[in-house]
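J.: The following block contains a protein sequence and its predicted model.
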Amino acid sequence: MKKEVVMMVGPTAVPERVLDAMHRSSISHRSPEYTEIHSRVRESLKKVFGTKNEVYILTSSGTGAMEAAIQNCFSFGDEVVVPVTGTFSAQFAAMAEAYQLKVKKVVFELGEAADVDKVMEEVTPETKGVFVIHNESSTGVFNDLEAFGKALKDTDTLLISDSVSGAAGLEMKMDQWNIDVLLSSSQKALMVPTGLSFISLNEKAWERTKTSNIPKYYFDLNKADEFHKINQTPNTPAVYNVFAVDEALKIIMEEGLENVYNRHEENTKLIIDGVRKLGYDIFPKDDSRASRTLTAVYAPGKAKKIVEELAKRGVIVNTGLPPIADDVFRVGTMGYVYKEDVEAFLEALKEIKL
């Protein structure tokens, strides 16, 4: 059976093996069978995150993990700096403001990556955190986390990174890049239905949890850590999604992380070259910072119509997000996407005459 050409930015296409792994009898989240699966998942997630730190499983969207980072590592009135490069970095800033943090936004033109030097100009000895979106899926730009980690390494400021649309598709080295808190979720490059998010803290971040005065209950990571030690979660997790992520991680490890990263790189290059040959361009201003898990295609005034026409040809992609929804459409290359999918997308796009 031919695989559907689903190239969404998320939720992404789910492999049959992953769907099959969910087609089974229910088990208790306190059973030995569950704890065995949980143990496998936590160890594989460490490889994806590039860390020796523990990675915690939360039953929530990625937004829940973003909130958990704020609740556990900060206190009311803390100063934080947020480089705003699109919708999801703006959301992170808004969330911090909702928790009464003192937010300093460094706003960049849409299509630009965050300039580390400009961001660091706003960092003071009072700054408790810098929130950086690894891969801004609204604009198709990814940020240089390694550079941010170097800049903040010898400071008391935490580097918090949302890699929801990056992890398992873009190279990630949490420990080597000095990322203090890293989070992601299941429905992007991990090829799993929506419902789980993941978060990891290093020792520097754990120290901050000792003084945080923001109330927390469901997302209390110290409580999560106690249950994590016995390969469980404090509350009932989305057990079937855990079955799914277990199988998806097996698929990723069988292919090999480096091969996965190379596949995303190669597919992205094919798309960029292909859309340019067809008279379009990409929205990011610098090709070197163009995301490898999705491509934001620049088609002024035509984007929404192109998405509709592609769907008629069996190729499913996403529209852009405001304020660039009329001019940009987004093609996911994350997760379960291969060269033949890219070729089918480009062939369908070639047929569209607007």
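T.: Great, that's in hand. Residues are numbered from 1 along each chain as shown.
J.: Where do the helices of the stretch 151-300 of the chain begin and end?
T.: For the stretch 151-300 of the chain, helices defined by DSSP state H, counting those that start in this stretch occupy the ranges 203-209, 221-228, 239-255, 257-277.
J.: which stretches of this structure aren't confidently modelled?
T.: Screening the chain residue by residue with the criterion pLDDT under 70, one finds the ranges 1-3.
J.: Show me how it divides into domains.
T.: Annotated domains of the chain cover 5-11+256-351, 22-252 [automatic domain parsing].
J.: from memory residue 10 sits against residue 336, does it?
T.: No - here residue 10 lies out of contact with residue 336, judged by CB atoms under 8 Å, at a distance of 11.8 Å. Just so you know, the C-beta spots here come from the backbone N, C-alpha and C atoms, and that holds for glycine as well.
J.: any chance of the domains of the chain in CSV, with mean neighbour count too?
T.: Putting the domains of the chain into CSV (neighbours: other CB atoms under 10 Å) gives the following:
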stretch, mean neighbour count
domain 5-11+256-351, 19
domain 22-252, 20
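J.: The residue nearest the centre of the chain and residue 4: what is the separation?
T.: When the chain is reduced to its mean C-alpha position, the closest residue under CA atoms, centre = their mean turns out to be residue 164, at 1.4 Å. When CB to CB, to the nearest Å is the yardstick, residue 164 and residue 4 sit 23 Å from each other.
J.: coming back round to it: ok, the nearest residue to the residue nearest to the centre of the chain once chain neighbours are set aside - contacts?
T.: Residue nearest to residue 164 in three dimensions, not counting chain neighbours: residue 62, with 3.9 Å by CB to CB, 6 or more residues apart in numbering. Going by CB atoms under 8 Å, 6 or more residues apart in numbering, residue 62 touches 162, 164, 183-185, 197.
J.: Repeat the analysis, applying 10 Å as the threshold.
T.: 10, 88, 162-165, 183-188, 194, 196-199 (CB atoms under 10 Å, 6 or more residues apart in numbering).
J.: now residue 122
T.: 79, 81-83, 104-106, 130.
J.: and the helix or strand that residue 43 is a member of with helix 257-277, angle?
T.: Per DSSP states H and E: residue 43 is located in helix 32-49. Helix 32-49 and helix 257-277 meet at an angle of 60 degrees, taking axes from the mean of the first three to the mean of the last three CA atoms, to 10 degrees as the criterion.
J.: Using CSV, write out the CA atom coordinates for helix 32-49.
T.: Written as CSV, here are the backbone C-alpha positions of helix 32-49 (Å, rounded to 0.1, in the frame of the first residue of the first chain):
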residue,chain,number,x,y,z
PRO,A,32,6.2,-4.2,35.5
GLU,A,33,5.5,-4.3,31.7
TYR,A,34,4.9,-0.5,31.6
THR,A,35,8.1,0.2,33.7
GLU,A,36,10.1,-1.8,31.2
ILE,A,37,8.8,0.3,28.3
HIS,A,38,9.3,3.5,30.2
SER,A,39,12.9,2.6,30.9
ARG,A,40,13.6,2.0,27.2
VAL,A,41,12.0,5.3,26.2
ARG,A,42,13.9,7.3,28.7
GLU,A,43,17.3,5.9,27.6
SER,A,44,16.5,6.4,23.9
LEU,A,45,15.3,10.0,24.5
LYS,A,46,18.6,10.7,26.2
LYS,A,47,20.3,9.9,22.9
VAL,A,48,17.9,12.1,20.9
PHE,A,49,18.5,15.0,23.3
